[in-house]
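> Predicted model follows, preceded by the sequence.
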Amino acid sequence: MTRLTRRATLAGIGALAMPAIGRAANTRLTIPFFFPIAVSGPVTKIIDGYAGDFAKVHPEIEIKPVYAGDYDATIAKALTAFKSGNPPPLAMLGAIQVYTLIDQDAIIPFDALATSAEEKAWMQGFFPAFLANGNVQGHTWSIPFQRSTAVLFWNKEAFKQAGLDPETPPANWAQQTAMGHKLVARSGDAVSRWGVQIPATGGTYWLYQALAIEAGQQLMSADGTEVYFNRPGAVAALQYWCDLAKQGVSPKGVIDWGATPNDFVAGRTAMMWTTTGNLSFVRQNAKFDFGVAMLPADAQRGTPTGGANFHIFRTASKAQQEAALLFTRWVTAPERCAAWSIATGYVATRMDAWQTGTMKKYVAAFPQAQVARDQLQFARPELSTHANQQVTLPLNSALQAALAGSKSPQAALADAQANAERVLAPYRKA
Amino acid sequence: MIRGERKEAIAGWMLILPALLLLVAFTHYPTVAVLIRSLFGQGLHGKAPPFLGLGNYRAMVADPVFWQALRNNALYAAAVIPLSMALAIIMALAVDAATGARIAGRVFLRVAYFTPTVLPMIAIANIWLFFFTPGYGLIDRLLSPFGLGNWNWLGSTATALPAMIAVAIWREASFYMIFYLAALQAIPPTLREAAMLEGSSRLNFFRRVLWPLLTPTSLFVFVNVVIDSFRLIDQIVVMTHGGPDNATTILLYYIYEVGFQYWDAGYASALTSVLLAGLAIVALVQFGLLSRRVHYR
């Protein structure tokens, strides 16, 4: 078909469809939906696809995804829009931002909107570990969707070369160090392969929290007004992390978050701690056999959850809020939840998603995907407090100071604790 | 007579009105608003922010991160300003037709020197992230034959800020080279011929003739490099997020962090006021003192 005739045909179709479009445009409710892009890959295409499919079922509603940058940029834009009186009705925001959003009076809990028996049952269908961050002050403030946990990746080839059993990853910290020593490979003075890398840029606190939970110490109280950075378990966790470099199992200094998966697929580290969100990347790029395991235990297994949830803004119109809830329910239906997980590597947040045929088939072919789900029984809510960034960013700095060797773990964590005490004091009175 | 003057005055005001409106809306009003906002605290649960007086400024004096950001900014400016200006002059002399070596492909060299300015900051940051990667980054590869591989440039508190400074010099020098190159080409060749006839050395010619004639350009470049050294943020956001342990946090990045991650608009305004005051003083000193010593033709 030539360009001219194609255009003519399109115009003809357009003319035929005119009355329908005209009618829809009059009554269509637009729902801007802020969405963060945290991993590379076709996430925007998938979300656009959901918005398009939703419009086929509910032509009266137009979900308009707005890709607002990374997690920090997305909440910054959402809150700025809220303060200027024009909030996005629906936004996918970090689950740990719940107190910030509550303290700004920005969001409305889902239980205030989802009141029918059917809707209440729907809210019960998510993994409790993923609901935990949003379940505070007696309400469910958010619905989990783009969620992850931390896992251990190991290079089976490297294990073989080092004389280790390629099918057995380290089960605890001591084994991880011992195996790490064997896995380090040198060419001359330079190290060509490290034992393990636990990255420390980005959200430094995240993998640190995994270590702390494993040492038996959750980092904050359930009401988000207390933190426990200077408890013995928390100090022991940081000490272990620093010791990995001191013993020559990990590179010295602060290891980069983004470079670590690249190091792993290039064979420069035999093991890495990272998010399940990197599963697709490693699967596509590793030229060797690799395994995914739960993080090694100390006193117990453990990982924080991570990622983003649906939030509905308080000052959106009632109709917009209802439409946002409708879309949230539609997109978290078991089949769609499973498809999302398979396409992105995020962990499907609904229990019934794992019972679908699609998911069962996927897990059978790629059992690594199931590790994250099995680990959920040991997962704890991610570090989240009132004035969240004012507590966690200085904690990140303190952790980096200890890893870079400019402060002892004890002193660094005491500093972070003192800062948190000062920041959180006003929230305890209220 | 008086009516005529008045008419002229009105016409004058009308002429500057568009510029005045823009200045008031986007410069003067925000400045005043920031000063006022800096006297208030955080408003939570929709309540109006409480009046704190100078509370935010007292908190600033006691805030170690503020002092570190200030120190980092001072170090950054002290290194970037002289080094990038010196490099800009050297590069301009190298590619100028009169002073440069007679090498083939001078145009290519000019383009190569100017490339960093054309590249978007995000691309520059990504290139340098690769340069600095421990183990297999470009710098470690170059060092490894000497047994010096495996430096964690961005991951250690000692080297992260110098690494940021290196990137900034690379970018700034290439941009300001163009101004020096233009200034060099505007200098009449007769001066050079006369100097050569007198038997003046190249160094002497630069010191006695070129450098004085370049002072207006140098002042312009100096003012801009100083302003740039307080405006840097994109590179920090992409490469280090101010880490490790605030080693690369400079004032503007800290303001961003307090304003848009801590949501403490009052404290962020107080920090902004200090930055504005500092820049105002720098500007006054520059135009007040330096302009007297500039040799305009």
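Structure's in. What do you need?

> got the CA positions of the helix or strand that A:Arg329 is a member of in PDB?
Here A:Arg329, judged by DSSP states H and E, is contained in helix A:318-331. Provided in PDB are the C-alpha atoms of helix A:318-331 (Å, rounded to 0.1, in the frame of the first residue of the first chain):
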ATOM      1  CA  LYS A 318     -13.500  10.600  44.500                       C
ATOM      2  CA  ALA A 319     -14.100   9.300  40.900                       C
ATOM      3  CA  GLN A 320     -10.400   9.300  40.200                       C
ATOM      4  CA  GLN A 321      -9.700   7.400  43.400                       C
ATOM      5  CA  GLU A 322     -12.300   4.800  42.500                       C
ATOM      6  CA  ALA A 323     -10.900   4.400  39.000                       C
ATOM      7  CA  ALA A 324      -7.300   4.100  40.500                       C
ATOM      8  CA  LEU A 325      -8.500   1.300  42.700                       C
ATOM      9  CA  LEU A 326     -10.200  -0.400  39.800                       C
ATOM     10  CA  PHE A 327      -7.000  -0.300  37.800                       C
ATOM     11  CA  THR A 328      -5.000  -1.500  40.700                       C
ATOM     12  CA  ARG A 329      -7.300  -4.500  41.200                       C
ATOM     13  CA  TRP A 330      -7.300  -5.200  37.400                       C
ATOM     14  CA  VAL A 331      -3.500  -5.100  37.100                       C
END
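
> The very next helix or strand once past that helix - contacts with which helices or strands?
Proceeding N to C from helix A:318-331, the next assigned helix or strand is helix A:334-344, under DSSP H and E. Helix A:334-344 makes packing contacts with helix A:43-57, helix A:318-331, helix A:357-365 when contacts are defined by 3 or more Cβ pairs under 8 Å, 6 or more residues apart in numbering or on different chains; DSSP states H and E. (Each C-beta comes from the backbone N, C-alpha and C, glycine too.)

> Excluding its own residues, what touches the shortest one? List them.
What it means is helix A:357-365. Here helix A:357-365 makes contact (Cβ atoms under 8 Å, 6 or more residues apart in numbering or on different chains) with A:335, A:338-339, A:341-342, A:348, A:353-354, A:369-370.

> The helix or strand that comes right after that helix packs against which elements?
For helix A:357-365, the following helix or strand on the C-terminal side (DSSP H and E) is helix A:370-375. Where contact means 3+ Cβ pairs under 8 Å, 6+ apart, helix A:370-375 is packed against strand A:143-155, strand A:290-293.

> for those, which one sits closest to chain B?
strand A:143-155 (16.0 Å; Cβ to the nearest Cβ).

> near chain A, which residues of chain B?
B:44-46, B:65, B:133-136, B:144, B:147, B:149-150, B:152, B:154-157, B:240-241, B:243-246, B:257, B:260-264 (Cβ under 8 Å from any Cβ of the partner chain).

> Of these, select the buried ones using a ChimeraX command.
The buried residues among these can be selected in ChimeraX (16 or more other Cβ atoms under 10 Å in any protein chain shown) with this line:
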select /B:44,65,133,134,135,136,144,149,150,152,154,155,156,157,240,241,243,244,245,246,257,260,261,262,263,264
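
> what stretches of the stretch 201-350 of chain A score poorly on pLDDT?
Along the stretch 201-350 of chain A, the model assigns pLDDT under 70 to no residue.

> now the strands for it?
A:269-275, A:290-293, A:303-313 (DSSP state E, counting those that start in this stretch).

> Compile these into a markdown table and extend it with columns for mean neighbour count and distance to B:Gln235.
Below are these laid out as a markdown table (neighbours: other Cβ atoms under 10 Å in any protein chain shown; distance: least, Cβ to Cβ, whole Å):
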| stretch | mean neighbour count | distance to B:Gln235 |
| --- | --- | --- |
| strand A:269-275 | 26 | 25 |
| strand A:290-293 | 20 | 34 |
| strand A:303-313 | 27 | 27 |
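
> ok, which stretches of the stretch 51-200 of chain B are strands?
Under DSSP E, counting those that start in this stretch, the stretch 51-200 of chain B gives no strands.

> Where does the prediction get shaky in it?
Applying pLDDT under 70 to the stretch 51-200 of chain B flags residues B:98-104, B:147, B:149.

> Now with 90, please.
The model of the stretch 51-200 of chain B has pLDDT under 90 over residues B:51-53, B:55, B:59, B:91-126, B:129-130, B:132-158, B:171-172, B:184-200.

> A:Gln377 falls within a helix, correct?
Yes: assessed with DSSP: H, G, I helix; E, B strand; the rest coil, A:Gln377 lies in a helix.

> Now do the same contact list for it.
Here A:Gln377 is in contact with A:Ala129 (criterion: Cβ under 8 Å, 6+ apart).

> Do a quick rundown of the helices in the stretch 51-200 of chain A.
Remark: helices assigned in the stretch 51-200 of chain A by DSSP state H, counting those that start in this stretch are A:71-83, A:98-103, A:110-113, A:117-124, A:128-131, A:156-161, A:173-183.

> and what of the stretch 101-250 of chain B?
Using DSSP H, counting those that start in this stretch, helices in the stretch 101-250 of chain B cover B:106-118, B:121-132, B:138-143, B:160-186, B:189-197, B:202-205, B:211-231, B:234-239.

> Could the C-alpha coordinates of the shortest one be exported in CSV?
If I follow you right, that is helix B:202-205. Presented in CSV, the C-alpha positions along helix B:202-205 are these (Å, rounded to 0.1, in the frame of the first residue of the first chain):
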residue,chain,number,x,y,z
ARG,B,202,58.2,32.9,22.9
LEU,B,203,57.7,32.8,26.7
ASN,B,204,58.5,36.5,27.0
PHE,B,205,56.1,37.3,24.1
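
> Now do that helix, average pLDDT.
For helix B:202-205, mean pLDDT is 86.

> circling back: would you tell me which one of the helices and strands packed on helix A:370-375 is buried the most?
Among the helices and strands packed on helix A:370-375, strand A:143-155 has the highest mean neighbour count (mean count of other Cβ atoms under 10 Å in any protein chain shown), at a mean of 26.

> Between the helices of the stretch 101-250 of chain B, which one is closest to B:Leu17.
Of all these, helix B:211-231 sits nearest to B:Leu17, with 27.1 Å by Cβ to Cβ.

> Packing partners of that closest one?
Using 3+ Cβ pairs under 8 Å, 6+ apart, helix B:211-231 is in contact with helix B:64-95, helix B:160-186, helix B:251-260, helix B:265-285.

> Which among the contacts of helix A:357-365 count as buried?
A:338-339, A:341-342, A:348, A:353-354, A:369-370.

> Quick check: the farthest pair among those residues?
A:Ala339 and A:Gln370 (16.5 Å).

> Next up, the contacts around residue 248.
Using chain A here. Per Cβ under 8 Å, 6+ apart, neighbours of A:Gly248: A:181, A:184.

> should've been chain B
B:72, B:160-161, B:164, B:236, B:239-240, B:242 are the contacts of B:Thr248 under Cβ under 8 Å, 6+ apart.
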